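Sequence first, then the predicted structure:
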Amino acid sequence: MARYKTIDTSPRFIALDLERQLLPGTFEHALNHLLDHEIDLSALDARYRNDVAGAAAYPPATLLKLVLFAYSQGIISSRAIERMCRDHAVFIALSGDSQPHFTTIAGFIRSLGDEIAKVFAQVLLVCDRQGLIGREMFAIDGVKLPSHASKQRSGTRADFVRQADKLEAAAKTMLARHRAEDDTPPEPDPDKKARQRIERLQRDAAELRQWLKDHPNDRRGPGGSIRKSNRTDPDSAKMATSKGVIQGYCGVAAVDAKHQIIVEAQAHGSGSEQELLIPIVDALQSQRREATLITADAGYHSEANLKALDERCVDALVADTAMRQRDERFHDRAHHTDQPDPLHDKGGKKPGKPTLYASGDFVVDAGQTHAICPAGKILHRNGQHCTIGTYAAVKFRGAQRDCVPCDLRARCLRKPDTTKVRQVAILTRKTDQPLSRTERMRRRIDSERGKVQYARRFATVEPVFGNLRYNKGLDRFTLRSQKKVDTQWKLYCLVHNIEKLANNGYGQ
C-alpha cells in the first residue's frame, strides 16, 4: 500500500517576507507599485493635523491599497477587510501587518469625497502613458444597483403627510381605547404591549413630521416634475429594472474602445438615463478628441440630447428604441430572453391578442373624401395637411352610430372598452420638411457603416459591467448619499483600470 507524507494544515508561526507575497504581474503588485511611486496622495495627507499632538494615523496609501484590493476580491465589508488583515498574507503584506480597525476603514471610505476623483484622473494618466487609451470611441452605459435605502420609505410630501395622519389617528384610537378600559384593566403583558405600540406609532409620526419640516419642498426633476423622495437616503431614486423596482443609484461609465479603460465614472440617483448623457459627455471634454465617437444605447436617446450633442459638435451614435426591430441581426432576440417559469404559470398557454386592422385594410376613395372600413362602414375625412414624421397623411374618423355596435370592435380598436370610434391615418407622399435629429440619427445608425460602428459598443462596455458585477461581486451600493455612492462607484472603476494595467505588464 502506498505511503504518503503527512500534510499538516494546522495553524503555525511562519516567517514571511511580506514583499515577496506581492508577485509581479498580479493586481496587488501593480496596485502597490502604483500608489507608492505614481499617485500623489498629498491631498489626503493634508487632512491630518497630528504632527504635534494626537495619535499616529494610518497612511492613506495603505488604507487605499487595502480597500481597492478588497474590492478586487469581492470583499466590501469593512469588518471583513479588518479580518483579512489578520488572516490573509496579501492583506498583511499590503498593510505592513498594521491591522487597522474596521471603523477606521469605514470612515476612510466615507470621507474620500473629491480626493478619489483626483486619484482616478492620475490613474488615467498612467493608463494613457502605457498606451491603453485610444480615444477612437467612447461607449457610455450605466448599471442600476440598489443602495442602503428602504424602498418602503419613498414617496412625495403629500404621501408622507397622509402616512403621518394615519399614524397619529391610529395612536389616538388605541390611546382612547386603552383609557376606556382603565376600569377593567387587562392582563399586564397585553397592557405593556399596547403601550409600546402606541409609543412606536407616535414616534414614527413624529419622525415623519420632523422630516417634512426639514424638507419643505418636493424633489424635482429637470423638467420640474415631482419626484419621490426617500427618507433614509434622499439622493436615491426608485428605478425600474429587469428584476423589478429597486431603490438605488445608476452607475454610469464611459469606456474607451482600445483596452476597455473606464475614462469617466459617475453615480446618480435618477431613474432616467436620458438626463445623464450630457453631464458625462461634458466631463469627457478633456479626454476626447475632435474625431472621438461617442456611442450610447436607447436609454440615452432623446431629441433634446441629440440637439445638445450637435451644439457641442460631438460626433455621436445614440440608438433609438426601435433600432433592434429594424436590424436583421436581432431578428431572433426573443430566443435569448428569459422564459417564464413553467412551475409558476399554472394556467397553460394564454391566448394572444387578436391582430388589429392596419391602415392597409381600409379602402380610400379616389378623391380621398372618405374611407371604407373592413366592416363596410364609411369613415369621413378628419382634417387636412397632416404630417406624420416626414410623410404627408390624410386622416379619417368613424361615426359612433357605426363603431359602437360593430361586431369587429375587438379587432379594430386597441381599447374597445374605452375607445368609441376608430381613427386611421393614410400616408400619401413624402414631404419636403427638414429631417429631425432623431430621423437623421436613425438613418445614420441604420447605414452599413453605422451598424459596424455601433456594434463595437457591445464589445466595449458590456464586458466592463460583467467584470464589475460578477467577477468583482458588485451587486449593491452599501453607502448613502450621492457623494458617497459616487465615491464607491469610482473605487470599483479604479479596480477595473488597475487590473487592466496589471494585465498589460505595468510595474514588472
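Thanks, I have it. From a predicted model like this one, the values you see are computed outputs, not experimental measurements.

could you pull out the strands for the stretch 151-300 of the chain?
With strands called from DSSP state E, counting those that start in this stretch, the stretch 151-300 of the chain shows them at 154-155, 219-220, 226-227, 229-230, 237-241, 244-256, 262-268, 293-296.

Determine which of those strands approaches residue 406 most closely.
Closest of these to residue 406 is strand 237-241, at 37.2 Å (criterion: CB to CB). Glycine gets a C-beta too; all of them are placed from N, C-alpha and C.

Please parse the protein into its domains.
18-47+56-111, 137-147+237-331+438-486, 157-217, 359-435 (automatic domain parsing).

ok, which stretches of the stretch 301-450 of the chain are helices?
303-311, 323-326, 400-403, 409-412, 437-446, 448-466 (DSSP state H, counting those that start in this stretch).

residues in contact with residue 328?
By CB atoms under 8 Å, 6 or more residues apart in numbering, the contact set of residue 328 is empty.

most tightly surrounded among the helices of the stretch 301-450 of the chain?
Greatest average neighbour count among the helices of the stretch 301-450 of the chain goes to helix 409-412 (a mean of 18), per mean count of other CB atoms under 10 Å.

Could you list the alpha-carbon positions for that one in CSV?
Output of helix 409-412 as CSV, limited to C-alpha atoms (Å, rounded to 0.1, in the frame of the first residue of the first chain):
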residue,chain,number,x,y,z
ARG,A,409,-64.5,46.4,-32.4
ALA,A,410,-62.1,43.9,-30.8
ARG,A,411,-60.0,43.7,-34.0
CYS,A,412,-60.3,47.3,-34.8
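
I'd like the average pLDDT over that helix.
For helix 409-412, the mean pLDDT works out to 87.

can you check stretch 162-177 too?
Mean predicted confidence for stretch 162-177 is 73.

Only the C-alpha atoms, please, for stretch 449-468, written as CSV.
Extracted in CSV, the C-alpha atoms of stretch 449-468 (Å, rounded to 0.1, in the frame of the first residue of the first chain):
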residue,chain,number,x,y,z
ARG,A,449,-21.0,52.0,-41.5
GLY,A,450,-23.3,52.9,-38.6
LYS,A,451,-24.0,49.3,-37.8
VAL,A,452,-20.3,48.5,-37.8
GLN,A,453,-19.5,51.4,-35.5
TYR,A,454,-22.4,50.8,-33.1
ALA,A,455,-21.6,47.1,-32.9
ARG,A,456,-18.3,47.9,-31.3
ARG,A,457,-20.2,49.4,-28.4
PHE,A,458,-21.4,46.0,-27.2
ALA,A,459,-17.8,44.6,-27.1
THR,A,460,-16.5,47.7,-25.4
VAL,A,461,-18.8,48.5,-22.5
GLU,A,462,-20.7,45.3,-21.7
PRO,A,463,-17.6,43.2,-20.6
VAL,A,464,-16.7,46.0,-18.2
PHE,A,465,-20.0,45.8,-16.4
GLY,A,466,-19.7,42.0,-16.4
ASN,A,467,-16.3,42.2,-14.8
LEU,A,468,-17.6,44.7,-12.1
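
returning to what we had before: can you lay out the domains of the chain as TSV showing distance to residue 119?
Shown next, in TSV, are these (distance: least, CB to CB, whole Å):
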stretch	distance to residue 119
domain 18-47+56-111	6
domain 137-147+237-331+438-486	12
domain 157-217	33
domain 359-435	45
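
ranking these by mean pLDDT, which is last?
For the domains of the chain, where the average pLDDT is lowest is domain 157-217, sitting at a mean of 69.

And the helices in the stretch 101-250 of the chain?
Going by DSSP H, counting those that start in this stretch, the stretch 101-250 of the chain shows helices at 102-110, 115-129, 157-180, 188-214.

Figure out which of those helices is closest to residue 358.
Judging the helices of the stretch 101-250 of the chain by CB to CB, what sits closest to residue 358 is helix 157-180, at 42.7 Å.

Determine the set of other helices and strands touching that closest one.
Using 3 or more CB pairs under 8 Å, 6 or more residues apart in numbering; DSSP states H and E, the elements in contact with helix 157-180 are helix 188-214.

between the helix it packs on and helix 157-180, how many degrees?
150 degrees (axes from the mean of the first three to the mean of the last three CA atoms, to 10 degrees).

Out of the strands of the stretch 151-300 of the chain, flag the one nearest residue 142.
strand 244-256 (4.1 Å).

what's the burial count for residue 119?
Neighbours of residue 119 under the rule other CB atoms under 10 Å: 23.

re earlier: redo the helices of the stretch 101-250 of the chain as CSV? Include distance to residue 363.
Shown next, in CSV, are the helices of the stretch 101-250 of the chain (distance: least, CB to CB, whole Å):
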stretch, distance to residue 363
helix 102-110, 70
helix 115-129, 64
helix 157-180, 52
helix 188-214, 61
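
Of all those, which one is nearest residue 486?
Taking those one by one with CB to CB, helix 115-129 is closest: 8.5 Å.

got the buried residues for the closest one?
115-117, 119-120, 123-124, 126-128 (16 or more other CB atoms under 10 Å).

Nearest to residue 308, out of those residues: which one, please.
Of the buried residues of helix 115-129, the one sitting nearest to residue 308 (CB to CB) turns out to be residue 117, at 23.3 Å.

List the contacts of the residue lying closest to that closest one once chain neighbours are set aside.
Spatial nearest neighbour of residue 117, excluding adjacent residues (CB to CB, 6 or more residues apart in numbering): residue 490 at 6.6 Å. Neighbour list for residue 490: 116-117, 120, 265, 267 [criterion: CB under 8 Å, 6+ apart].

what about 7 Å?
By CB atoms under 7 Å, 6 or more residues apart in numbering, the contact set of residue 490 is 116-117, 120, 265.

Pull the helix or strand hosting it out as PDB, backbone CA atoms only.
If you go by DSSP states H and E, residue 490 is part of helix 482-503. Provided in PDB are the C-alpha atoms of helix 482-503 (Å, rounded to 0.1, in the frame of the first residue of the first chain):
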ATOM      1  CA  GLN A 482     -25.000  60.600  -3.900                       C
ATOM      2  CA  LYS A 483     -21.500  61.800  -2.900                       C
ATOM      3  CA  LYS A 484     -20.600  58.700  -1.000                       C
ATOM      4  CA  VAL A 485     -22.100  56.300  -3.600                       C
ATOM      5  CA  ASP A 486     -20.200  58.200  -6.300                       C
ATOM      6  CA  THR A 487     -17.000  57.600  -4.300                       C
ATOM      7  CA  GLN A 488     -17.700  53.800  -4.100                       C
ATOM      8  CA  TRP A 489     -18.500  53.600  -7.800                       C
ATOM      9  CA  LYS A 490     -15.200  55.300  -8.700                       C
ATOM     10  CA  LEU A 491     -13.400  52.900  -6.400                       C
ATOM     11  CA  TYR A 492     -14.800  50.000  -8.300                       C
ATOM     12  CA  CYS A 493     -13.900  51.600 -11.600                       C
ATOM     13  CA  LEU A 494     -10.400  52.200 -10.300                       C
ATOM     14  CA  VAL A 495     -10.100  48.500  -9.500                       C
ATOM     15  CA  HIS A 496     -11.000  47.700 -13.200                       C
ATOM     16  CA  ASN A 497      -8.500  50.200 -14.600                       C
ATOM     17  CA  ILE A 498      -5.700  49.000 -12.300                       C
ATOM     18  CA  GLU A 499      -6.400  45.400 -13.300                       C
ATOM     19  CA  LYS A 500      -6.000  46.500 -16.900                       C
ATOM     20  CA  LEU A 501      -2.600  48.000 -16.000                       C
ATOM     21  CA  ALA A 502      -1.600  44.700 -14.300                       C
ATOM     22  CA  ASN A 503      -2.700  42.600 -17.300                       C
END
